[in-house]
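A.B. asks: Compute the structure for the input listed below.
(chains A and B)
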Amino acid sequence: MSAATTNATATATTGSTRRHFLKATGLAAGGLALEFTLPVSSAVAQTPTPSPGAGSTGAAPAGEVTAWLLIHPDESVVIRIARAEMGQGTLTGLAQLVAEELECDWSKVRFELVKPGANRARARVWRDMGTGGSRGIRGSQDYVRKAGAAARSMLVSAAAQQWAVPVTECSVEAGTIRHAASKRQITFGAVAAAANQLPIPEDVVLKDPSQWRIAGKPLKRLDTADKLDGSLVYGMDLRLPGMIVALPKACPVHGGMLVSFDKQAVLKMPGVRDVIKVDDATLAVLADRFWQAKRALDALPIVWDKGPNASVSSASIAALVSEGLQGDTPFVGNRQGDAKAQLQGAARVIEADYGTPFQNHAPMEPLSATVQWTAQRCDVWAPTQVAEAALATVADAAGLDITACEVHPMRIGGSFGRRLATDYLAMAVRIAKQRPGVPVKMMWTREEDMLQGRFHPVTQCRLRATLDGQGRIGALHMRIAGQSITSFVNPKAITANGDATVFQGLLAESPEGHFGYEVPHLLIDHAMRNPHVRPGYWRGVNTNQNAIYSECFIDELAHAAGKDPFEFRKEHMAKRPKHLAVLQAVADRAGWGKAAPKGVFRGIAQYMGFGSYTAAVAEVSVKDGQLKVLRIVAATDPGHVVNPQQVEAQVAGSFVYGLGAALFGGNTVKDGAIAETNFDTYGVMRLYDMPAVEVIVMPSGGFWGGVGEPTIAVAAPAVLNAVFAATGKRIRQLPLKDTDLSKA
Amino acid sequence: MTELNVNNRQLRADVEGDTPLLWVLREELQLTGTKYGCGVAQCGACTVHMDGAALRSCVMPVNAVPATAKIVTIEGLGQTRLKVVQEAWAELDVAQCGYCQPGMIMAAAALIAQTPDPSDEDIRSGITNICRCGTYPRVLAATKLAAQRLRGAGAQR
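C.D. replies: Next comes the predicted model:
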């Protein structure tokens, strides 16, 4: 399969259209802003949301039945996907939702990816293309279902008009419209052209999820076949006629500068075209082939000015962060009663300090982008999680009007949040700009990907609590200190109350995730301490460390109270029935309270994030200092489930990602730079370490929570609590590989 | 000029001898199903078969590949009896992002070619490829399924 067909465009159609059937709700932009304010340029942010009747001239592009789908005479249904697919299954889930309301034949469904320039040219008819915060499905389910329903209505109307019968006498099933009284029937493919000419109904009634036949079912993914025979063209695989490659290298110390390089030392090496300065911190070797560029890059003499952070180390960062564990801070996330006063006067205070390190996203596909720049136009073929922001970045770097640029989004070889940033796209454009007309494929080596990441932020936490006479929590103060992602990604969003996103899952009330426990005197606050290492949104974002801190310390309090960790949690969760339901489910399934097999120990945790409730029980053994995670029982209540087998895959995957980081990962800093340069030093989970994972998917309805990220939060605390059960040792500094369990 | 036998075709590539086999496959022969993930034989995304054994092609200089060696890549696996691995992968919907999956499939295929009835432990220690999405549980299940199918096919003959 060629790249062109793999990344089939959502048509190059431009210009206005009357196909604006969706009411302006502001959901696309406003919803994302709840947890994230992504660096969407003003050019994109100001693009008007389509309103009914706007630009009501011109016909719908041929084949379209609403902007979201094409129905061809051969009965194939092409569903357009505006969100990014990076393995999380959103593409298939969105298609299921459209197909459900459309009532088409699922076996005829194909997909194509929307392009941000096309979206912009059509007044954002496909709305928000950003894919982060586990919002791909929950952020678009409403309007994609309405699109499917509207399209079905148009198809039925077209058939009814043809037969001169009332639409109410027609029925639809699997892509065929029937009129029972006259025993007539017609297929979608035969009536699509007529439907295309009809107005798009604005008021459509959606099915109740209990009636779903395509959505809610464990269907196979639509995007698998070309992943299994090597034919899928990822960004790293793209090849254009006359293309050259570029391997960049930036100053390994973030914020440092490029002083000079001696390109004469490498210019005579085979295939090398040039070595160029890309920006103040970056150079790139241009060559015919990857290995030629790599060979030259490794041999190139480079002088860096590493700047003021040249001597920063993990120890100096830890000292900077820990300084925020004490003293006052104005940034409060959750306050009930007066925890400080209670703690001050208490006879017994239980106290612990925790810390979590930087983590690299380390997606299997390193960063890449292919760019063709001329003074008139700039085209970029690249994987991105934020296609619209990517387009704005490209236009800015290209020095061209946004209408002269297009980003051709590609299916992504893993991302986990790394491609929410657009740094690599600007870099690729700056390189290609120095070779007008020549397609340039910029590829990052794994080493560059490791050094120039957007790292999971470094934080520490001091927890202090009292127990009352009944052994319940009387007061709890949770002081988080450390890095704010927002302060780097979008400093304008920092308010007088700091960075609200650092409290993910710890707020008193938030549809994204509220704190699960009732504590009469509670204070959760944040002291911002920002080291120079660039942070980013890493799968699970701040729920990762927040869940480790709160769920491990709750466990400590349970033991201090002499109570079972599950029963102790329950005592504080009377007002949180949904939190409790998932916790109860994993306890029941795992056999909590019953004896575990000899040598096997259990830990438990619950957390709410990204709008979903999650819990897990971990079973581990520790023999001769060797930890083995044997079994995970996990539960999630995301409200509605579009594809249960994909939810199960995401939950299992969350444990791989979360436990890999907590047990084997962790980035350190030496001489100002990240010290781990490849998978030989940045540890990840492999098949050998993979526990058995049992997933309980228990949607309770009435809300739409996320799936890709929430469960990661409970992975580490459940295991760490099990390690305590096995060894009596509390692991409070991660990654766990830094602790010698044989001395436990 | 380097001569290679890839997917049962005799091919020539004009490259420097130290070029890893991975990049010859990807850039000279346009067989981009074999992926670059780390370049240091850690992740296994570059796994191909050389005379039936799994090989991490990112650290194999092309001038060290014997001209008689038979290389099979993910693009050629479907023409062999080991295509059952790809079929099992499809049946269990193993892939997530898919980037590591060609290497994972090639590793699984080499494993079951050598160990027709692998235990869980054989698979866990035998497939050391990295998947960041976390497809491991289904990799394990699909490898067992493929092995079972292959044994069944052998018994029918």
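
A.B. asks: C-alpha from now on. contacts and neighbour counts both.
C.D. replies: Fine.

A.B. asks: Show me how the record splits chain B into domains.
C.D. replies: B:2-76, B:83-156 (automatic domain parsing).

A.B. asks: which stretch among those comes nearest A:Leu507?
C.D. replies: In terms of Cα to Cα, the element of the domains of chain B nearest to A:Leu507 is domain B:83-156, at 29.1 Å.

A.B. asks: That closest one vs chain A: in contact?
C.D. replies: Yes. Interface with chain A: domain B:83-156 contributes B:86, B:89-90, B:93, B:95-102, B:105, B:121, B:124-125, B:127-137 (Cα under 8 Å from any Cα of the partner chain).

A.B. asks: Show me where chain B has its helices.
C.D. replies: B:21-23, B:74-77, B:83-91, B:101-114, B:120-126, B:136-156 (DSSP state H).

A.B. asks: okay, which residue is most central for chain B?
C.D. replies: Nearest residue to the geometric centre of chain B (Cα atoms, centre = their mean): B:Met106, 2.2 Å.

A.B. asks: Could you identify the helix or strand that succeeds the helix or strand hosting A:Val622?
C.D. replies: Assigned by DSSP states H and E, A:Val622 falls within strand A:612-623. For strand A:612-623, the succeeding helix or strand toward the C-terminus, using DSSP H and E, is strand A:626-637.

A.B. asks: what does that following strand rub up against?
C.D. replies: Strand A:626-637 is contacted from outside by A:578, A:582-583, A:585-586, A:589-590, A:612-622, A:651, A:689-700, A:705, A:711, A:719, A:723, A:741-742, using Cα atoms under 8 Å, 6 or more residues apart in numbering or on different chains.

A.B. asks: Weed out the non-buried ones from the residues you listed.
C.D. replies: Neighbour-count burial (16 or more other Cα atoms under 10 Å in any protein chain shown) applied to these gives A:578, A:582-583, A:585-586, A:590, A:612-622, A:651, A:689-699, A:705, A:711, A:719, A:723, A:741.

A.B. asks: Residues in a beta bridge with the closest residue to A:Arg335 other than its chain neighbours, which ones?
C.D. replies: Nearest non-adjacent residue to A:Arg335, counting by Cα to Cα, 6 or more residues apart in numbering or on different chains: A:Leu523, 4.6 Å away. With DSSP bridges applied, A:Leu523 shows beta-bridge pairing to A:Arg335, A:His477.

A.B. asks: Counting neighbours, which bits of stretch A:517-536 end up buried?
C.D. replies: For stretch A:517-536, burial by neighbour count (16+ other Cα under 10 Å) applies to A:517-519, A:521-536.

A.B. asks: now swap in stretch A:316-332 and tell me
C.D. replies: Within stretch A:316-332, the residues scored as buried using 16+ other Cα under 10 Å are A:317-318, A:320-322, A:324-325, A:329, A:331-332.

A.B. asks: Filter those residues down to the ones in strands?
C.D. replies: In this view, the buried residues of stretch A:316-332 that belong to strands under DSSP state E are A:331-332.

A.B. asks: Can you lay out the buried residues of stretch A:316-332 as CSV showing pLDDT and distance to chain B?
C.D. replies: Below are the buried residues of stretch A:316-332 laid out as CSV (pLDDT from 0 to 100; distance: Cα to the nearest Cα, whole Å):
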residue, pLDDT, distance to chain B
A:Ile317, 98, 28
A:Ala318, 98, 28
A:Leu320, 98, 31
A:Val321, 98, 29
A:Ser322, 98, 31
A:Gly324, 98, 33
A:Leu325, 98, 33
A:Thr329, 95, 37
A:Phe331, 97, 35
A:Val332, 97, 35
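
A.B. asks: Return the member of the buried residues of stretch A:316-332 nearest to A:Gly453.
C.D. replies: A:Ile317 (17.4 Å).

A.B. asks: Leaving out sequence neighbours, find the closest residue to that closest one.
C.D. replies: Excluding its sequence neighbours, the residue lying closest to A:Ile317 (Cα to Cα, 6+ apart) is A:Pro531, at 6.4 Å.

A.B. asks: Next, that neighbour: secondary structure please.
C.D. replies: Secondary structure assignment for A:Pro531 (DSSP: H, G, I helix; E, B strand; the rest coil): coil.

A.B. asks: The lowest-mean-pLDDT helix or strand in chain B - contacts with which helices or strands?
C.D. replies: Across the helices and strands of chain B, mean confidence by mean pLDDT, DSSP states H and E is lowest for helix B:136-156: a mean of 92. Applying 3 or more Cα pairs under 8 Å, 6 or more residues apart in numbering or on different chains; DSSP states H and E, one finds that helix B:136-156 contacts helix B:83-91, helix B:101-114, helix B:120-126.

A.B. asks: run the last query once more with 7 Å
C.D. replies: If contacts are counted by 3 or more Cα pairs under 7 Å, 6 or more residues apart in numbering or on different chains; DSSP states H and E, helix B:136-156 sits against helix B:83-91.

A.B. asks: next one: the helix it packs on to chain centre, how far?
C.D. replies: Chain-centre distance of helix B:83-91: 13 Å, with Cα atoms, centre = their mean, to the nearest Å.

A.B. asks: Tell me where the model's unsure across chain A.
C.D. replies: Low-confidence segments of chain A (pLDDT under 70): A:1-59, A:744.

A.B. asks: Just want the residue of the stretch 251-400 of chain A that's nearest chain B.
C.D. replies: Closest contact between the stretch 251-400 of chain A and chain B, by Cα to the nearest Cα, is at A:Met364 (5.7 Å).

A.B. asks: again, but for the stretch 1-150 of chain A
C.D. replies: Counting by Cα to the nearest Cα, the stretch 1-150 of chain A gets nearest chain B through A:Gly87, at 3.4 Å.

A.B. asks: Distance check, that residue against A:Val109.
C.D. replies: 19 Å (Cα to Cα, to the nearest Å).

A.B. asks: out of those two, which sits in the busier spot?
C.D. replies: Higher neighbour count among A:Gly87 and A:Val109: A:Gly87, with 24 against 20, using other Cα atoms under 10 Å in any protein chain shown.

A.B. asks: Please name the spatially closest residue to that one (chain neighbours excluded).
C.D. replies: B:Cys97 (3.4 Å).

A.B. asks: give the contact list for that neighbour.
C.D. replies: Shown in contact with B:Cys97 (Cα atoms under 7 Å, 6 or more residues apart in numbering or on different chains): A:86-87, A:412-414, B:133.

A.B. asks: what do you get for A:Leu391?
C.D. replies: Neighbour list for A:Leu391: A:116, A:406-407 [criterion: Cα under 7 Å, 6+ apart].

A.B. asks: Mind doing that once more with 8 Å?
C.D. replies: Shown in contact with A:Leu391 (Cα under 8 Å, 6+ apart): A:116-117, A:402, A:405-407.

A.B. asks: next one: A:Asn546
C.D. replies: Applying Cα under 8 Å, 6+ apart to A:Asn546 gives the contacts A:503-506.

A.B. asks: Any buried residues in stretch A:416-434, and which?
C.D. replies: By 16+ other Cα under 10 Å, the buried positions in stretch A:416-434 come out as A:416-422, A:424-433.

A.B. asks: So which bits of the stretch 351-500 of chain A are right by chain B?
C.D. replies: When proximity is defined as Cα under 8 Å from any Cα, the stretch 351-500 of chain A approaches chain B at A:362-366, A:412-414, A:445-447.

A.B. asks: Most neighbours out of the residues you listed, which is it?
C.D. replies: Most neighbours among those, by other Cα under 10 Å: A:Glu365, with 29 neighbours.

A.B. asks: Verify the contact between that residue and B:Tyr99 for me.
C.D. replies: Yes. Assessed by Cα atoms under 8 Å, A:Glu365 is found in contact with B:Tyr99 at 6.5 Å.

A.B. asks: For these two, list the residues in contact with both.
C.D. replies: With Cα under 8 Å, 6+ apart, A:Glu365 and B:Tyr99 have common neighbours A:413-414.
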